Structure formats: C-alpha cells, structure tokens
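In: Take this sequence and fold it.
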Amino acid sequence: MDSTLNEENSSSRSSKIDDIDDGSQITCFNEIADDVTFHFQIIRLHKQNNMVSVTSILGGASDNTGSSISRRLALKTGLNIILACNIPKNSPKLEADAEKMLVKKLISLGYTRPKSEGVSS
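Out: You can find the predicted model right below:
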C-alpha cells in the first residue's frame, strides 16, 4: 500500500483558529485521507521552553502509536508535543497520514519550517 499523502487523496474539511488572552492559540481542523476523517486540535502555549518532551495522554502501555508519532514530530519540529490519538494498532498508513497532516499544518501555521529551511527554535 502506498503511504504517500498527496492533494488527490487528502482534503481539508474545516479549520478554526482561536487566540487566547495569554497569547496561546488553539487550532482545530479536519482532514480526509483515503476515506478516513482525521480530527485534529493543536494548542500552542505562549510560554514554552526549548526542551523536547513527549507525552501520550491516551492509550495503554502496550499501544505506543501516540508516543511514536509525538516523538517523531518533536524530533522533526523541535517543538514540545503532547499527543492524544485514537489510531487503531497496526495501522501504519493511518499513522503516517496523520503525522504528515500534522507536519503540514504546523508548517502552514508558522510553528516550524520545512526541512529544507531547518526548524524554528
């Protein structure tokens, strides 16, 4: 199965950005890829240190999907990542699609840069 995500099999359904008084920002959006709807919420906190940390809020010890995605995102972006997900175990295509969508959105929001430009600090 091809795990590439392109514009033909992925589309953004909706997006909403809310600014909070302390400078934090909440972005909610939905994406569809291969007939699967993904629901995302990104919360950018105003004050963050530059340490890379990984936390998974949902899932048991045997399911490391969320921690795997959050660890890779933290390494790719240099951002603190806290991830809650409900991706079925042994679904590498869904996991890869979700990760690609999140990276694309983080870049479009200006939270990080594409690989060719390096990551923001």
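
In: Tell me, please, where in the chain the pLDDT is lower than the cut-off.
Out: 1-16, 18, 48-63, 116-121 (pLDDT under 70).

In: Do a quick rundown of the helices in it.
Out: Ranges of helices in the chain, per DSSP state H, are 65-77, 92-108.

In: I'd like to know which elements the shortest one is packed against.
Out: Think helix 65-77. strand 54-56, strand 81-83, helix 92-108 (3 or more CB pairs under 8 Å, 6 or more residues apart in numbering; DSSP states H and E). Quick note: C-beta positions are derived from backbone N, CA and C, even for glycine.

In: quick one on the thing from earlier: closest to residue 37 out of the helices of the chain?
Out: Distance to residue 37, taken as CB to CB, is lowest for helix 92-108 among those, at 11.1 Å.

In: Please list the residues outside that closest one that contact it.
Out: Helix 92-108 is contacted from outside by 1, 3, 5, 10, 27, 29, 31, 33-34, 36, 38, 40, 42, 65, 68-69, 72-73, 76-77, 79, 85, 87-88, 112-114, using CB atoms under 8 Å, 6 or more residues apart in numbering.

In: What are the buried residues along that helix?
Out: Across helix 92-108, burial judged by 16 or more other CB atoms under 10 Å covers 93-103, 105-106.

In: Output those as CSV; include the columns distance to residue 17.
Out: Compiled in CSV, the buried residues of helix 92-108 are given as follows (distance: CB to CB, whole Å):
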residue, distance to residue 17
93, 28
94, 25
95, 25
96, 25
97, 22
98, 20
99, 21
100, 20
101, 16
102, 15
103, 18
105, 11
106, 13
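
In: Go through those and name the one nearest residue 47.
Out: Among the buried residues of helix 92-108, and counting by CB to CB, the member closest to residue 47 is residue 106, at 18.4 Å.

In: ok, the closest one to residue 76 distance?
Out: Going from residue 106 to residue 76 by CB to CB, to the nearest Å gives 9 Å.
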